[in-house]
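Asks: Pasting the sequence and the predicted coordinates here, then a few questions.
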Amino acid sequence: KAGVTQTPRYLIKTRGQQVTLSCSPISGHRSVSWYQQTPGQGLQFLFEYFSETQRNKGNFPGRFSGRQFSNSRSEMNVSTLELGDSALYLCASSLGYSGAQPQHFGDGTRLSIL
Amino acid sequence: GENVEQHPSTLSVQEGDSAVIKCTYSDSASNYFPWYKQELGKRPQLIIDIRSNVGEKKDQRIAVTLNKTAKHFSLHITETQPEDSAVYFCAASDTSYGKLTFGQGTILTVHP
């Protein structure tokens, strides 16, 4: 089976712009979770989607949003980018809910804000 | 919500030694505890997990122990090798609620 695929791998944006990141889960996986990884903060949970519905949300501002399509692919959008949004964004998929099943991570999208 | 504390933040050992990483959690309802290994520039990968109905689980050189009363769990790596060098993350969740909360990570360095 193909693993979790994230696109693009690298992205450079400027403050105020918006960005959309994509995640294709392992075939058959219905849950997709998104995490922000920074050197000082570790892995911070953004949100989880399961069968096209947002199931959980972390403590991030409303500028961070996401959605999931009927084929389980997910997108994450960040609007009005700030310097502090520079990070590695990881998505992970699992068969069932993210907290109950092993999660499989993608390679991430490294977002740099200038 | 759940809070997971992980110690130490860095750990340096000689090849062949054992390494132990400890995590504590706050939510007594948590019942699933996975450990992930992230090598430099790579994705996190699950190395072992344990559920609350089990006190210990072992997979070759890796073992995890869980103390539900004290709300802490630990990762034990025996006979460490240079390729064990990586960042290790613990996590905890209440499977009925479903959100994984990660610890801050431990940078393990194994010196040849």
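Replies: Yep, that arrived.
Asks: From now on I want contacts and neighbour counts done on CA atoms only, so please keep to that.
Replies: Will do.
Asks: Who's the closest spatial neighbour of whichever residue of chain A sits closest to chain B, skipping the chain neighbours?
Replies: When scored by CA to the nearest CA, chain A has residue A:99 as its residue closest to chain B, at 3.9 Å. Here the nearest residue to residue A:99 in space, its sequence neighbours aside, is residue B:98; by CA to CA, 6 or more residues apart in numbering or on different chains that works out to 3.9 Å.
Asks: ok, how many other residues are close to residue 45?
Replies: Because you didn't say which chain, this covers chain A. 22 (other CA atoms under 10 Å in any protein chain shown).
Asks: sorry, should have said chain B
Replies: Around residue B:45 there are 18 residues (other CA under 10 Å).
Asks: so what's the backbone phi/psi at the residue of chain A closest to chain B?
Replies: Phi and psi for residue A:99, reported as degrees, to the nearest 10, are phi -90, psi 0.
Asks: The closest residue in space to residue A:82 that isn't next to it in sequence: what's it in contact with?
Replies: In space, and not counting its chain neighbours, residue A:82 is closest to residue A:15: 5.2 Å by CA to CA, 6+ apart. Contacts for residue A:15 (CA atoms under 8 Å, 6 or more residues apart in numbering or on different chains) come out as A:80-83, A:113-114.
Asks: Quick check on the residues you listed: which are buried?
Replies: A:81-82, A:113 (16 or more other CA atoms under 10 Å in any protein chain shown).
Asks: quick revisit: state the distance from the residue of chain A closest to chain B to residue B:47.
Replies: 16 Å (CA to CA, to the nearest Å).
Asks: Next: residue B:62.
Replies: For residue B:62, the distance to residue B:47 - CA to CA - is 8 Å.
Asks: how about the strands in chain A?
Replies: A:5-7, A:10-13, A:19-24, A:31-38, A:42-50, A:53-57, A:64-68, A:74-78, A:87-94, A:104-105, A:109-113 (DSSP state E).
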